[in-house]
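Student: I would like to see how this sequence folds:
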Amino acid sequence: MSTCWFPDNSIIINFAVIDRLDLLRTALHGQARVVEAVAYEIRQSQGKVPHLGSLDVEDWFGKPIRLKSDGDREAVEQMRLYRFGGESDKPRQHLGESQTLHIIRTKSDYASSVWLTEDREAYRLAQGMQIVSRDTRAVLEELVAHGELSAQEGFEIAVEIDRADRPVLRMPTSVKDLEP
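Tutor: Reported below is the predicted structural model:
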């Protein structure tokens, strides 16, 4: 069982708005996957987010993971409504997060997977479920640790994402925050 990386649309947009999807792709180690709802969110964002249109969902993530059983769909809907506070008349609200966390938590093929998000509540919920969760800063830290970026470059990228009015859950305050 290999580790898969499940990015939420929020992480993808963070790197797209600054035209650095190349860095995110490197950080995903060729093992990225998405569920149907996240693939839908990406496609919906492509016409609205600069540089996101170049991302080919199936090339990056393979065929989106689809929940087939009624039991899986019911469990996702319960999580969406009761854990995330989604509204019943907004069926896509929190659907990507709910599908992803359900897959990682319940499917043995994905048990060692890592979830990437900038959604504070979803991040907290995933950690409570013992799901390994990372954010933009963790992606930058890993890229620095593996020599893909200097700490200075990583810090400048975080600042650029922040200036693009995108969420960075754990915004580094200096270059030192990203040094290995």
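
Student: switch to C-alpha atoms for all contacts and neighbour counts from now on
Tutor: OK.

Student: does the closest residue to residue 112 other than its chain neighbours sit in a helix, a strand or a coil?
Tutor: Nearest residue to residue 112, sequence neighbours excluded (C-alpha to C-alpha, 6 or more residues apart in numbering): residue 3, at 5.4 Å. Classification of residue 3 using DSSP: H, G, I helix; E, B strand; the rest coil returns coil.

Student: wait, residue 3 sits on residue 113?
Tutor: Yes - between residue 3 and residue 113 there is a contact under C-alpha atoms under 8 Å: 4.8 Å.

Student: can you list the neighbours in contact with the helix or strand bottoming out on mean pLDDT in the chain?
Tutor: When the helices and strands of the chain are scored by mean pLDDT, DSSP states H and E, helix 120-128 comes last with a mean of 93. With contact meaning C-alpha atoms under 8 Å, 6 or more residues apart in numbering, helix 120-128 is reached by 84, 97, 101, 117, 132, 133, 134, 169.

Student: okay, that helix in PDB with CA atoms only?
Tutor: The C-alpha coordinates for helix 120-128 follow below in PDB (Å, rounded to 0.1, in the frame of the first residue of the first chain):
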ATOM      1  CA  ARG A 120      -9.200  25.200   9.100                       C
ATOM      2  CA  GLU A 121     -12.300  23.300  10.300                       C
ATOM      3  CA  ALA A 122     -11.700  20.400   7.900                       C
ATOM      4  CA  TYR A 123      -8.100  20.200   8.900                       C
ATOM      5  CA  ARG A 124      -9.000  20.000  12.600                       C
ATOM      6  CA  LEU A 125     -11.700  17.400  11.900                       C
ATOM      7  CA  ALA A 126      -9.300  15.200   9.900                       C
ATOM      8  CA  GLN A 127      -6.700  15.400  12.600                       C
ATOM      9  CA  GLY A 128      -9.300  14.300  15.100                       C
END
